[in-house]
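In: Could you work out the structure for the sequence below:
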Amino acid sequence: MATDETAPLPIPVIRPSGDLDFHTIGPFAAELQQLCSQHKVVIVDLAGVTFGDSMFLNQIIAAEKLTDLRLINIPEVIDRVFAITTVYDILAIYPTLEAARNNRPFSGEEQ
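Out: Residues are numbered from 1 along each chain as shown. Presented below is the predicted three-dimensional model:
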């Protein structure tokens, strides 16, 4: 049986949870880095994140440089970090998982 080696891989979704800081970032950072090295697009569902410090922010920015990083379900605490640091200009934020999979980011009316 022939396989189509040009067929796109499924888009992986990573769902970190809890506090992501200097002491806890390791597993998330490792998984994110691995996925970014293997996939052209990676979706990060941040719904379960309760805190993110500069280590978390650095991982997100680094991943954005490696792949088409798509973020969904931004909690208020992370929204504040993104707003304060003005990284919204470089991040791709999507309203739903389906929108992220289909590359339909927020429009101006939804924000």
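In: Just the mean pLDDT for the helix or strand hosting residue 29, thanks.
Out: Counting by DSSP states H and E, the element that carries residue 29 is helix 25-38. Averaging pLDDT along helix 25-38 yields 97.
In: Beyond it, next helix or strand please.
Out: strand 41-45.
In: what does that following strand rub up against?
Out: Strand 41-45 has contacts (C-beta atoms under 8 Å, 6 or more residues apart in numbering) with 11-16, 32, 35-36, 60, 63, 67-73, 94, 97, 100-101. Bear in mind the C-beta positions are built from the backbone N, C-alpha and C, glycine included.
In: ok, which stretches of this structure are helices?
Out: Taking DSSP state H, the helices of the chain run over residues 25-38, 54-66, 76-84, 97-101.
In: what's the angle from the first one to helix 54-66?
Out: If I follow you right, that is helix 25-38. Here the directions of helix 25-38 and helix 54-66 differ by 0 degrees (axes from the mean of the first three to the mean of the last three C-alpha atoms, to 10 degrees).
In: Pull up the gap between the residue nearest to residue 94 when sequence neighbours are not counted and residue 33, please.
Out: Using C-beta to C-beta, 6 or more residues apart in numbering and skipping the chain neighbours, the partner closest in space to residue 94 is residue 100 (3.8 Å). Residue 100 sits 19 Å away from residue 33, going by C-beta to C-beta, to the nearest Å.
In: More neighbours: those two, which one.
Out: Between residue 100 and residue 33, counting by other C-beta atoms under 10 Å, residue 100 is the more crowded of the two (26 against 14).
In: Does the more buried one touch residue 69 like I think?
Out: No - the pair residue 100 / residue 69 is not scored as a contact, 9.9 Å apart, by C-beta atoms under 8 Å.
In: Could I have the buried ones of the contacts of strand 41-45 as ChimeraX selection syntax?
Out: In ChimeraX, this line selects whichever of the contacts of strand 41-45 come out buried by 16 or more other C-beta atoms under 10 Å:
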select :11,12,14,16,32,35,36,60,63,67,68,69,70,71,72,73,94,100,101
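In: List the residues that contact the residue nearest to residue 94.
Out: Contacts of residue 100 (C-beta under 8 Å, 6+ apart): 11, 43, 70, 71, 72, 94.
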